[in-house]
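Undergrad: model the following, please.
(one chain, ligands or ions: 1)
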Amino acid sequence: MSTRRDFLNQLGAGVAASAVAGPAIALPSSGRAPEEESYWRHVANEFVIDPGIAYLNTGTRGPSPRSVIRAQVDAIYGGDRDRLSYANFVDNGDFRRGLRERLAGFVGVKPTEIAITNNTTEGMVFGTSGLDLRRGDEVVCTNHDHSSGGQPINLRQARDGIRTVMVDINRTDRSPRHSADDILEAFDRAIGPKTRLVSFCHVNYTDGLVMPVKEICELARSRGALTLVDGAHPPGMMDLDIAALGCDMYAGAGHKWMLAAMLTGFFVVREDVQDRVWPTVYSGHIDGKNMLGGDLDDPDHSLARFESRGSRSSPAGASIDAALDFHEAIGPAAIEARDRYLAARLIDGLSGVPGVHLSTASNEFSCALVAFSLDGVETKEMNDLLWDRHRIYVCNVTKPEMDFDVNRASLHIMATADHVDRLVGAVAEIARERGV
Ligand SMILES: Cc1ncc(COP(=O)(O)O)c(C=O)c1O
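TA: Numbers count the residues shown, from 1 in each chain. So this is what the prediction gives:
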């Protein structure tokens with residue numbers, strides 16, 4: 001009998017040679033210490049990024065390594081060449097179950113607590129829209145949340161008359177935060193008797209702050225409120241243990257630090273509260289019944305019901321599987337240590353440049369997003385200068401409503417120490433030219 005592996009091997013023989021062909025993952029098995037530049041150059045070489053480019057924007061989109069691109073090409077080819085065999089041997093219920101199991105293990109939850117989604121936004125919408133909320137109920141969020149978390153709440157405000165309570169965690173003096181106490185105090189003031197949900201980022205996309213998730217979740221639970229965490233950034237950046245954070249819901253991205261395809265993500269709901277979260281986009285069974293009222297032999301009580309929403313992308317699923325292979329080959333803890341090393345190197349380098357303000361703390365409250373600005377240079381202009389002159393790709397996060405405006409570098413494993421030093425040198429050059 002043919003197996004998944006046989007089928008994939010046949011595909012490998014059939015797919016035309018391309019820029020992504022080659023062994024699945026070709027990494028030396030030793031040398032994973034964060035500062036072992038020769039090992040990490042091997043890792044960086046697994047990406048197809050043009051060698052002239054210093055890609056420091058994984059926070060927006062993480063380009064995939066060759067093996068992940070290859071898995072997607074195989075999935076497209078396999079599905080179109082022989083749809084039935086592909087569906088029988090590869091893209092079937094067992095594969096999806098196995099994928100959920102692997103992903104659950106990777107992020108630290110039970111397989112029955114995770115559903116595969118298209119992106120973080122979907123999870124944030126599922127979490128906010130899925131709750132029974134009444135007029136007058138309150139949902140707490142922060143002014144550093146992404147619109148993916150904030151606007152679904154405001155939609156419920158507009159539609160259902162709930163009240164949005166926004167916690168201000170901005171520091172207008174642009175200095176990084178060194179303690180979680182002031183954040184907790186702000187949440188403490190915001191969470192009241194009418195609070196039903198507390199929604200916030202694990203890692204702020206603005207200043208890279210790692211929020212005190214566990215403490216906020218404990219506080220919310222002690223007041224009877226559910227928690228929904230926007231995890232667009234930590235999966236693939238941090239060695240994640242979502243269960244240990246104690247949150248009720250968590251929405252993650254696959255297409256950023258996890259390095260899977262676009263349109264990949266996941267949504268977690270803790271077992272104990274699953275009966276409080278309705279699916280939002282849904283065509284599956286309801287109370288064990290199909291559309292015509294027939295009984296299902298074996299209704300699936302897991303969070304997989306959040307995947308009952310029409311056709312899905314086989315290449316996206318295959319890319320998650322391959323991305324997990326890639327992360328496991330290197331090791332999530334080694335990747336986090338490397339990302340932190342690169343971020344610390346950047347913070348250290350930029351600290352020595354006159355006129356640079358760092359909005360990111362260099363302690364346990366940061367990880368691999370580094371936000372900075374240079375006196376007298378618009379962040380948009382800084383982006384353009386870095387790209388046009390140095391082929392360095394960072395982004396800017398600009399929120400004029402709260403006087404927040406930074407350039408943001410993402411330090412992930414496609415970047416090397418040379419790229420970091422190139423960024424520091426480029427910012428120093430611009431500072432010199434402007435007479436800062
Ligand atoms: C904190 C945060 N949440 C949500 C999103 C949206 O992510 P997605 O494209 O996976 O929906 C982003 C995107 O940059 C983000 O930074």
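Undergrad: rest of the way, CA atoms for contacts and neighbours
TA: OK.
Undergrad: got the contact list for the lowest-mean-pLDDT helix or strand in the chain?
TA: One helix or strand of the chain scores below all others by mean pLDDT, DSSP states H and E: helix 4-14, with a mean of 72. The list of residues contacting helix 4-14 from outside it, by Cα atoms under 8 Å, 6 or more residues apart in numbering, reads Asp74, Tyr77, Gly78, Tyr86, Phe89, Val90.
Undergrad: and the first one, what pLDDT?
TA: Meaning Asp74. Looking at Asp74, its pLDDT is 95.
Undergrad: the fifth one now?
TA: Confidence at Phe89, expressed as pLDDT, is 89.
Undergrad: around the ligand, which positions in the chain sit nearby?
TA: Neighbours of the ligand within the chain, by Cα under 6 Å from any ligand atom: Thr60, Asn119, Thr120, Thr121, His146, Ser148, Cys201, Asn204, Tyr205, Asp230, Ala232, Ala253.
Undergrad: ok, 5 Å please
TA: Residues of the chain lying close to the ligand (Cα under 5 Å from any ligand atom) are Thr60, Asn119, Thr120, Thr121, His146, Tyr205, Ala232, Ala253.
Undergrad: now the two most distant members of those residues.
TA: With Cα to Cα as the measure, no two of the residues of the chain next to the ligand lie farther apart than Asn119 and Tyr205, at 15.2 Å.
Undergrad: just among the contacts of helix 4-14, which is most surrounded?
TA: Gly78 (26 neighbours; other Cα atoms under 10 Å).
Undergrad: secondary structure and neighbour count added to the residues of the chain next to the ligand, as JSON lines?
TA: Shown next, in JSON lines, are these (DSSP: H, G, I helix; E, B strand; the rest coil; neighbours: other Cα atoms under 10 Å):
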{"residue": "Thr60", "secondary structure": "coil", "neighbour count": "16"}
{"residue": "Asn119", "secondary structure": "coil", "neighbour count": "22"}
{"residue": "Thr120", "secondary structure": "helix", "neighbour count": "27"}
{"residue": "Thr121", "secondary structure": "helix", "neighbour count": "25"}
{"residue": "His146", "secondary structure": "coil", "neighbour count": "17"}
{"residue": "Tyr205", "secondary structure": "coil", "neighbour count": "23"}
{"residue": "Ala232", "secondary structure": "coil", "neighbour count": "32"}
{"residue": "Ala253", "secondary structure": "strand", "neighbour count": "31"}
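Undergrad: phi, psi for the residue lying closest to Lys289 once chain neighbours are set aside please.
TA: Excluding the flanking residues, the one nearest Lys289 by Cα to Cα, 6 or more residues apart in numbering is Asp295, at 4.9 Å. Main-chain torsions, Asp295, degrees, to the nearest 10: phi -80, psi 140.
Undergrad: which parts of this structure are helices?
TA: 4-14, 37-45, 66-81, 83-89, 93-107, 120-129, 147-160, 181-190, 213-222, 242-245, 314-330, 332-351, 379-390, 417-433 (DSSP state H).
Undergrad: for Leu259, find the nearest of those helices.
TA: For the helices of the chain, proximity to Leu259 was assessed by Cα to Cα; helix 314-330 is nearest, at 6.0 Å.
Undergrad: got a list of contacts for that closest one?
TA: By Cα under 8 Å, 6+ apart, helix 314-330 touches 25, 32, 64, 67-69, 71-76, 79, 91, 96, 99, 102-103, 106, 236, 254, 258-264, 335.
Undergrad: can you select the buried ones from the residues you listed in PyMOL?
TA: Buried residues within those, by 16 or more other Cα atoms under 10 Å, are selected in PyMOL with:
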select buried, resi 25+32+64+67+68+69+71+72+73+74+75+76+79+91+96+99+102+103+106+236+254+258+259+260+261+262+263+264+335
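Undergrad: identify the farthest-apart pair in the contacts of helix 4-14.
TA: Top of the distance list for the contacts of helix 4-14 (Cα to Cα): Tyr77 and Phe89, 14.2 Å.
Undergrad: any idea how far the nearest residue to Tyr341 once chain neighbours are set aside is from the ligand?
TA: Of all residues not flanking Tyr341 in the chain, Pro34 sits nearest, at 6.2 Å (Cα to Cα, 6+ apart). Between Pro34 and the ligand the computed distance is 25 Å (Cα to the nearest ligand atom, to the nearest Å).
Undergrad: what does Gly192 give?
TA: On the measure of Cα to the nearest ligand atom, Gly192 and the ligand end up 25 Å apart.
Undergrad: who's in contact with the residue nearest to that residue when sequence neighbours are not counted?
TA: Among residues not flanking Gly192 along the chain, Arg223 sits closest, at 7.5 Å (Cα to Cα, 6+ apart). If you count contacts by Cα under 8 Å, 6+ apart, Arg223 has them with Ile191, Gly192, Pro193.
Undergrad: same thing with Asn383?
TA: So Asn383 contacts Tyr393, Val394, Cys395, Asn396, Asn407 (Cα under 8 Å, 6+ apart).
Undergrad: rerun at 10 Å
TA: Contact analysis of Asn383 by Cα atoms under 10 Å, 6 or more residues apart in numbering lists Val377, Ile392, Tyr393, Val394, Cys395, Asn396, Asn407, Arg408.
Undergrad: considering those residues, which is situated nearest to Leu209?
TA: Arg408 (12.1 Å).
Undergrad: ok, Leu245 touching Glu218?
TA: Yes. If you go by Cα atoms under 10 Å, Leu245 and Glu218 touch, sitting 9.1 Å apart.
Undergrad: settle it for me: which of the two has more neighbours?
TA: Applying other Cα under 10 Å to Leu245 and Glu218 shows that Leu245 carries more neighbours, namely 19 against 16.
Undergrad: what score does that one have for pLDDT?
TA: pLDDT for Leu245: 98.
Undergrad: check contacts around it.
TA: Leu245 is in contact with Gly108, His202, Pro212, Val213, Lys214, Glu215, Ile216, Cys217, Glu218, Val229, counting by Cα under 10 Å, 6+ apart.
Undergrad: that older thread, just the buried ones from the contacts of Arg223, in ChimeraX syntax?
TA: Buried members of those, defined by 16+ other Cα under 10 Å, are picked up in ChimeraX with:
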select :191,192
